[in-house]
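In: Kindly return the folded structure for what I paste below:
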Amino acid sequence: RGMYDRAMTYMVHRGPDNAFVLFSYAIFVSALCEDDFAVIMDYVQRAHAVDPHKEKYRMAEVGFFRQATIEQPNSARAMLNYALCLQFYGTCLTWRQRVAPEY
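Out: I've put the predicted structure just below:
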């Protein structure tokens, strides 16, 4: 929690919006239900305004969130975080490898 708060505070004091910080913070507070959805979507819209070509968060989506679901297919937290990443980052309309828990 402290890392996200410090990143947001640093971004606000430093100046321009940072898409990576905004997307990460939106996923974090959404997963924990700590903020209103309208506020969370404001973070997401600001991130998209800064990074309209969706380049800044691509590595986090593929290398972290997607990889976590592959390595932990039974983890609800990994699935939730990846779903939020796809929803907010706007890549949920593209083809993805099916990741399903093994029951």
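
In: in the protein, which ranges drop under the pLDDT threshold?
Out: For the chain, the stretches with pLDDT under 70 are 91-103.

In: how about the helices in it?
Out: Chain-ordered helices for the chain, with DSSP state H as the definition, fall at 2-14, 19-31, 37-50, 58-60, 67-71, 76-89.

In: Show me which positions of the fifth one end up buried.
Out: Taking 16 or more other Cβ atoms under 10 Å as the basis for neighbour counts, the residues of helix 67-71 that come out buried are 68, 69. Where C-beta positions appear, they are placed from N, C-alpha and C, glycine not excepted.

In: Could you do the third one as well?
Out: When burial is assessed from 16+ other Cβ under 10 Å, helix 37-50 yields the following buried residues: 40, 43, 44, 46, 47, 48, 50.

In: okay, those residues in a markdown table with distance to residue 4 next?
Out: What follows is those, written out as a markdown table (distance: Cβ to Cβ, whole Å):
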| residue | distance to residue 4 |
| --- | --- |
| 40 | 13 |
| 43 | 11 |
| 44 | 15 |
| 46 | 15 |
| 47 | 14 |
| 48 | 19 |
| 50 | 17 |
